[in-house]
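**Student:** Prediction below, plus the sequence it came from.
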Amino acid sequence: MAGLGATTVNFKGGVGSASATVASGHTIGVLAAVNPAGSVVIGSGPHFWAGAFEHEAEFGGLGWPNRVPSQALAPVTKAGRLESTTLAVVATDVRLNKAQLKRLAIMAQTGLGRAIYPVHTPLDGDVVFAVSTGQRSLADPVLGLVELGTAAANVLARSVARAVYEATPLPFAGALPAWKLQFRS
């Protein structure tokens, strides 16, 4: 079961999802298993690095803090090697060829940088895949892909934050806290 033992440096991780419909009417959905070496919250929380991309109150409604404390910018990670990775799949209803799907995954991976700090460390094995149902065509293969990829990055950032926001605690002593139990009790 993906995400069961997933953690960030300071909170329980897990599996999160989000979606969006872009202006052209195409849909982007992301499913992410979040187990990074870094943090998904600014400092010790409660604000999420992805706060600027939140829709409604899908991960607490706190938005971006008035000020980011300087100590929050220090890179803090889990200590162990081969313990961390964030995996994501981006799905769209747009018919894309192999090269376009690769570009969509590359653009979507930017969302990890919007949601995890630090990200892509030597302790992480982050991977983003892209798939398509092929139900709809792009009106413009270049600008349409720009629109999809930009939305995919934002949706991936939201998925990462939602994974931590919705995580439930592990049932043993010494386990990292769940965000909701820490800040919404």
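**Tutor:** Thanks, I have it.

**Student:** Tell me, how many residues neighbour residue 56?
**Tutor:** The number of residues packed near residue 56 is 6, by other CB atoms under 10 Å. C-beta: built from backbone N, CA, C; applies to glycine.

**Student:** Please apply the same query to residue 21.
**Tutor:** Neighbouring residues of residue 21 were enumerated by other CB under 10 Å; the total is 12.

**Student:** residue contacts, it?
**Tutor:** Contact partners of residue 21, counting by CB atoms under 8 Å, 6 or more residues apart in numbering, are 27, 28.

**Student:** at 7 Å what do you get?
**Tutor:** residue 27 (CB atoms under 7 Å, 6 or more residues apart in numbering).

**Student:** For stretch 16-31, buried residues please.
**Tutor:** By neighbour count on 16 or more other CB atoms under 10 Å, the buried set for stretch 16-31 is 16, 17, 18, 19, 20, 22, 26, 27, 28, 29, 30, 31.

**Student:** pLDDT at residue 182, what is it?
**Tutor:** pLDDT, residue 182: 87.

**Student:** So the closest residue to it other than its chain neighbours: helix, strand or coil?
**Tutor:** Taking CB to CB, 6 or more residues apart in numbering as the measure, residue 182 lies nearest to residue 45, with 6.7 Å between them; neighbours along the chain are not counted. With DSSP: H, G, I helix; E, B strand; the rest coil as the basis, residue 45 sits in coil.

**Student:** how close does residue 45 sit to residue 51?
**Tutor:** According to CB to CB, to the nearest Å, residue 45 stands 11 Å off from residue 51.

**Student:** go on, residue 89?
**Tutor:** Separation of residue 89 from residue 51 (CB to CB): 23 Å.

**Student:** same check, this time on residue 37
**Tutor:** Summarising the geometry, the distance separating residue 37 from residue 51, computed by CB to CB, is 21 Å.

**Student:** who has more neighbours, these two?
**Tutor:** When residue 37 and residue 51 are compared for neighbours, residue 37 comes out ahead with 28 against 21, by other CB under 10 Å.
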